[in-house]
Structures are given as structure tokens and as C-alpha cells.
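Trainee: Sharing a model that was predicted from the sequence below.
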Amino acid sequence: MPVTDQPKPDFNPALWVWGSEDSAPRVLHTMIRVKEWEPALRFYIDGLGMKMLDRFTVEVRRTDLMFIGFGDYSQGGVIELVRLWDDEGEPTHGTGYGHVAIGAPDVVGAVAKLEAMGAEIVTPPTVLIPGGPHVAFVKDFNGYMVELIQTSRM
């Protein structure tokens, strides 16, 4: 299948930032590989309140993709979940992956909700630096580390 810059009928221009008015680079998304959708959706959508932005197939790459986030693509910082058609093994995290950081207005409440859902709490809510926000580390249901950082003063 030849690569083309012509949009397909199902092309979603919001996914791509071509022609945007951005004057500086910014983070667009982080991709993580998953074997099954359900555990990832349970953690990020049910647990943290993200929403599904798009779900589609890239046949030439033999993958299914799902983008999730708190806002839309123009705000950046979304997560791309990827399932490979031909991958029979479990995804590995390697030694270079650290974590995805997510701001939460109530870290204690978010951790309590995720813990009740069965998430592994690696570091319970704590203040790492005097005067700083609460921070917690939780593993999602695919084993990826997620750092939660308090974004509001309570």
C-alpha cells in the first residue's frame, strides 16, 4: 500500500497538528503497548476519568490504536494505546521506561479509587519536598508506572 499525504475518508484532522498555530514544540502523546483494551480502559477511563478520543486501525502497521485523554488533541498530553495484531507475547517495559505523570486535583482520592479497583499502589500519597504537592506512584493494569501529582491546594 503506497504512503500518501491525501486524507482517507475516515481521516480525523484533529489527530494531526499540521498547520497549527503552535510556535514552539510541545508533547503530543505518549504511546504504550497493551495486550488487551479492557484493563487499560478500566484504569485510565474508569479510574482516572480520561475519555476515549479516537479508536482506529492502521492496517499497513497491523495495529489497532486508541487515543485517550482528559481534553482533546489540541491540548496535548494524550496517551496512545497500541495493540499489535501479530504479537502473541506480553509487552515488556524494558529498562528505559519510567512513568507517565498525571496531574490530579485530589491525589489521595484518586489513589483510594484506584486501590479499590485493584491497582497496585507502589508509593502511597506523600509529600516528597517540604511545601510541595502530594505525589503517588501507581501501576496501571498493564504494569506501567503512573505518577499522580496533586494539582490543587486542598
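Mentor: Looks like it arrived, so ask away. Residues are numbered from 1 along each chain as shown.
Trainee: Just the buried positions in stretch 130-137, please.
Mentor: Of the residues in stretch 130-137, Pro133, His134, Val135, Ala136, Phe137 count as buried by neighbour count, 16 or more other C-beta atoms under 10 Å. Just so you know, the C-beta spots here come from the backbone N, C-alpha and C atoms, and that holds for glycine as well.
Trainee: Going by distance to Thr92, which of the residues you listed wins?
Mentor: Nearest to Thr92 among the buried residues of stretch 130-137 is Phe137, at 19.3 Å by C-beta to C-beta.
Trainee: May I ask which two of the buried residues of stretch 130-137 are separated the most?
Mentor: Maximum distance among these (C-beta to C-beta): 13.7 Å, for Pro133 and Phe137.
Trainee: my guess is Ala119 contacts Arg42, does it?
Mentor: No: counting by C-beta atoms under 8 Å, Ala119 sits too far from Arg42 to count as a contact (9.2 Å).
Trainee: who's more crowded, those two?
Mentor: Ala119 (19 against 16; other C-beta atoms under 10 Å).
Trainee: From His29, how far out is that one?
Mentor: In this structure, Ala119 and His29 are 22 Å apart, going by C-beta to C-beta, to the nearest Å.
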